[in-house]
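Visitor: sequence first, then the predicted structure, then my questions.
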Amino acid sequence: MISLPALRACASAFALLTAAVCAHAQTTTADPFKDPRYMSGHRDIAPSAIPEELQDVDALTRVSAMKRIIACGDPYAFPYTEITDVARGFDVDLLRAVAESEGWNAEFVWVNTANRGGMNRAFRTTIRKGLCDVFLGLGTGGMDDILKKSKLELMAPTFGVHYVFASFDASLKGQSVEQLKARKLKAGATYFTPSENMLERYGIAHETFPQARRAIAAMNEGQVDVVLIPSTSMADAKRDFPDRPLHVIETVAPQDALQWNNTWATQAKETELRTFLAERIARLTAEGKLQAILARYGIPYFPPTN
């Protein structure tokens, strides 16, 4: 099973190949090299102060008393977490929904996970030091050593991420993989990833690109008819081509594709906070609010997979 859905560094082909150890989205429209905060060396934004009397209590007690939950995330990881003019992303929106249901405020600590040291450094310099209560934009499996080193534990998964065939052509909806092959349609995928391997096994003509976002752009230009991408990458199409709805044609069978679950992490000792957040997210899912959040980004909801 695949895990962490694509650290911002996964914009490169190699990082996409190693998606099992990545954590965030593979594309973003926020450009760190055009961000004066980043270029001036201001990488991490610290949260407001914690009163002395609450510094040694468990996280859930502190959050409840202060009516404020603090989350860490990558500022350049659309559609998971991103800061341009305002904080956005489905994990940001989900955390805010949990906070609002409890009458809390949500604050964010931004840490560039693509810096030297990657996720090890990101965890070590933020949540391990207690600068935030929860780390957003992660996934299940594949990172046990890094989590253990930072004394973190993943929460129960929020939703599943699947590889899907997608197209701007609504007439293709409901077509099976075999039907796509029989129609001799050309597919786009990211090279050096399971999507390329799957298309080769299916015998579908295809062209590969360095990013799912580039494959989607190529489909918009008519170079390919369908794309095989992680379901979260559909957010790129919604943002880049808002007037062209992207349709899921077929969801790749579990045995044929890498799949993972989106989730968050807390310090390992914060069992009560993990349980609390998981229960609130389960409630939001039962009410359809998580699905609505994902839909705003063009992302289909899939239940978590084992």
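Guide: The structure has been received and is ready for your questions.

Visitor: please count neighbours and contacts with C-alpha atoms only from this point.
Guide: Will do.

Visitor: which parts of this protein are helices?
Guide: All helices of the chain, identified by DSSP state H, fall at 13-17, 36-39, 59-66, 90-102, 118-125, 144-149, 177-182, 194-202, 212-220, 234-240, 271-286, 289-296.

Visitor: for the record, mean pLDDT for the longest one?
Guide: Averaging pLDDT along helix 271-286 gives 98.

Visitor: that older thread, CSV for the helices of the chain, including mean neighbour count?
Guide: Converted to CSV, these look like this (neighbours: other CA atoms under 10 Å):
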stretch, mean neighbour count
helix 13-17, 19
helix 36-39, 12
helix 59-66, 17
helix 90-102, 19
helix 118-125, 19
helix 144-149, 14
helix 177-182, 15
helix 194-202, 17
helix 212-220, 23
helix 234-240, 21
helix 271-286, 17
helix 289-296, 18
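
Visitor: the residue of the chain most remote from its centre and Glu272: what is the separation?
Guide: Centroid-distance maximum for the chain: Glu53 at 35.0 Å, with CA atoms, centre = their mean. Distance of Glu53 to Glu272, given as CA to CA, to the nearest Å: 19 Å.

Visitor: turn the helices of the chain into JSON lines, columns for distance to Pro75.
Guide: Formatted as JSON lines, these follow (distance: least, CA to CA, whole Å):
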{"stretch": "helix 13-17", "distance to Pro75": "18"}
{"stretch": "helix 36-39", "distance to Pro75": "10"}
{"stretch": "helix 59-66", "distance to Pro75": "23"}
{"stretch": "helix 90-102", "distance to Pro75": "11"}
{"stretch": "helix 118-125", "distance to Pro75": "12"}
{"stretch": "helix 144-149", "distance to Pro75": "21"}
{"stretch": "helix 177-182", "distance to Pro75": "36"}
{"stretch": "helix 194-202", "distance to Pro75": "27"}
{"stretch": "helix 212-220", "distance to Pro75": "18"}
{"stretch": "helix 234-240", "distance to Pro75": "16"}
{"stretch": "helix 271-286", "distance to Pro75": "22"}
{"stretch": "helix 289-296", "distance to Pro75": "19"}
